[in-house]
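Engineer: I'd like to go over a predicted model; first the sequence, then the structure.
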Amino acid sequence: MTLLLFSALLATLAGAFVIRPLLVRRGALLVDVAPGAVLDAEARRRVALASLTELEYDFVGGKLDEADYRAQRERLGLEALAAIRASEAMGGGAPAAESDRHACSFVNPAGSRFCAGCGTRL
């Protein structure tokens, strides 16, 4: 009888241990750190700069001729400039601290252990 009670108590404690994170998470505050407009402006800025980088790689790799490269570079440059200005206007383009910037010039989030730009250990 004691073994049965002990087993039931142990099963109840194990079940509570497993279910506890699900119950605690319900009370968590689900709010964005930054407003949606700031996040959108920052995302547009990152996409525009990544597009310019990809265009450079395609040109150097021989996938684009000079005329196409110049036309796309002009268009993407204007889009990137508009995205950067919008991001700075929203407050998302604040300069990063020097400690957040890696040697490859990628700005990593605080607490990162690896650079998201080149993959090296921080």
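Structural biologist: That came through, no problem.
Engineer: so how far is Gly36 from the most centrally placed residue in the chain?
Structural biologist: For the chain, the residue sitting closest to the mean C-alpha position, by Cα atoms, centre = their mean, is Pro109 at 7.8 Å. With distances taken as Cβ to Cβ, to the nearest Å, Pro109 is found 18 Å from Gly36. Just so you know, the C-beta spots here come from the backbone N, C-alpha and C atoms, and that holds for glycine as well.
Engineer: quick check, Ala48 in contact with Ala80.
Structural biologist: Yes - contact between Ala48 and Ala80 holds when scored by Cβ atoms under 8 Å: they sit 3.8 Å apart.
Engineer: neighbour count for the two, which is higher?
Structural biologist: Ala48 (21 against 18; other Cβ atoms under 10 Å).
Engineer: helix/strand/coil for the residue nearest to the centre of the chain?
Structural biologist: Pro109 carries the three-state label coil when classified by DSSP: H, G, I helix; E, B strand; the rest coil.
Engineer: please shift the residue numbers so they start at 730 in all later answers.
Structural biologist: All set: I'll call the first residue 730, so the last point we hit is now Pro838.
Engineer: from Phe788, how far out is it?
Structural biologist: 31 Å.
Engineer: before we move on, what about Phe843?
Structural biologist: 29 Å.
Engineer: need the pLDDT of the nearest residue to Gly846 once chain neighbours are set aside.
Structural biologist: Leaving out its chain neighbours, the residue that sits closest to Gly846 by Cβ to Cβ, 6 or more residues apart in numbering is Phe835, at 2.7 Å. Per-residue pLDDT puts Phe835 at 73.
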